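Colleague: Kindly return the folded structure for what I paste below:
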Amino acid sequence: MANEEQQRAWAEQGVDWVTHAAIFEAVLAPFTDAVCAAADLHPGARVLDVGCGSGALLQRVTERGADAVGVDISEPMVAAARRRVPTATVALGDAQTVDLRTLGGGGVFDRVVSRFGVMFFEDPVAAFANIRAAAAPAARLAFVCWRDGDNPMFTAGVDVLAAKLESPPAPPEPGAPGPLAFGDADRVRAILTDAGWGEVAVEAFDGVCDFSTATSDGVEERLTMLLANRTGVQARAEVTERHGADGWDAVVEELRTALRGYRVDGVLAFPGHTWVVTATNPAA
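Modeller: Next up is the predicted model:
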């Protein structure tokens, strides 16, 4: 079965994402806006959201008057999206292989959108060809993905936790399924072209990942996210086993101190470097 590793990973990570959805959605709001602008949404359009997660982009699409269908590989996130956007169709499935027309109740899609949901395919060319098969002639594809280079979203504080592990995870192979799989713009263009999409455009977009709230500088919010992810959970288990609860408390305080170093004008916020990608399904 395609994408088995990602299915297992997101069954676990999806729970953490849903638990802390309010933090994630606030931090990623600029990228939701960027996808909506690039997609040129209009009332009555039939829209497919690939990797819809807990439904933030899906909700925005429905607010624009579109007929929205979401698909995701993570059961916890699909359940959350169904609760969040009850007017949308939300299905559990692998967009690389599933019949997306049937999944969405029949008919082709005028728009295909995604916010950080398309970088996890085992075979991205096959996935985008399958997605295109569900798209209407002249349909527009618009998604946002993380860019190569320094992205503090993946380093700020993570480095502190990784340093506590006996065997820190090796950096992913270039292009391997994961958040940074589409960091190379030329590779993205090649994938979409090989999948049959036309008029491919890849534009740099830098949004501000702002963790602050009305009552917080954002340090505790970032800390919560880090401690809930796989590296944080593993670091806690290893440090506690070796040094006890006091040792872990010291690591958490070290992490807080490191995160405070990222504050700008009193709040924790840093740039998120991304690509906004658009393409068109050639007319028949």
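Colleague: May I have the phi/psi pair for the most centrally placed residue in the chain?
Modeller: When the chain is reduced to its mean C-alpha position, the closest residue under CA atoms, centre = their mean turns out to be residue 116, at 3.1 Å. Dihedral angles phi and psi of residue 116 (degrees, to the nearest 10) take the values phi 60, psi 30.
Colleague: so what pLDDT did it get?
Modeller: pLDDT, the model's per-residue confidence, is 96 for residue 116.
Colleague: List the residues that contact it.
Modeller: The neighbours of residue 116, taking CB atoms under 8 Å, 6 or more residues apart in numbering as the test, are 28, 31, 51, 53, 144-146, 179. For the C-beta atoms, the positions are set from N, CA and C on the backbone; glycine is no exception.
Colleague: Any stretches of the stretch 51-200 of the chain with poor pLDDT?
Modeller: Using pLDDT under 70 as the threshold, the predicted model of the stretch 51-200 of the chain has no low-confidence range.
Colleague: Tell me where it has helices.
Modeller: Across the stretch 51-200 of the chain, reading from the start of the chain, the helices by DSSP state H, counting those that start in this stretch fall at 56-63, 75-84, 100-103, 124-133, 158-162, 185-194.
Colleague: and those helices, which is most packed in?
Modeller: Among the helices of the stretch 51-200 of the chain, ranked by average contacts under mean count of other CB atoms under 10 Å, first place goes to helix 56-63 (a mean of 23).
Colleague: which residues sit against that helix?
Modeller: Outside helix 56-63, the residues within contact range by CB under 8 Å, 6+ apart are 21, 25, 28-29, 32, 35-36, 41, 47, 49, 52, 68, 70, 81, 84-85, 87-88, 90, 113-115.
Colleague: try it again with 6 Å
Modeller: In this structure, residues lying in contact with helix 56-63 by CB atoms under 6 Å, 6 or more residues apart in numbering are 25, 32, 36, 47, 49, 52, 68, 70, 81, 84-85, 87-88, 115.
Colleague: Same check on stretch 132-144?
Modeller: In this structure, residues lying in contact with stretch 132-144 by CB under 6 Å, 6+ apart are 31, 34-35, 38-39, 100-101, 108-115, 118, 195-196, 274, 276-281, 283-284.
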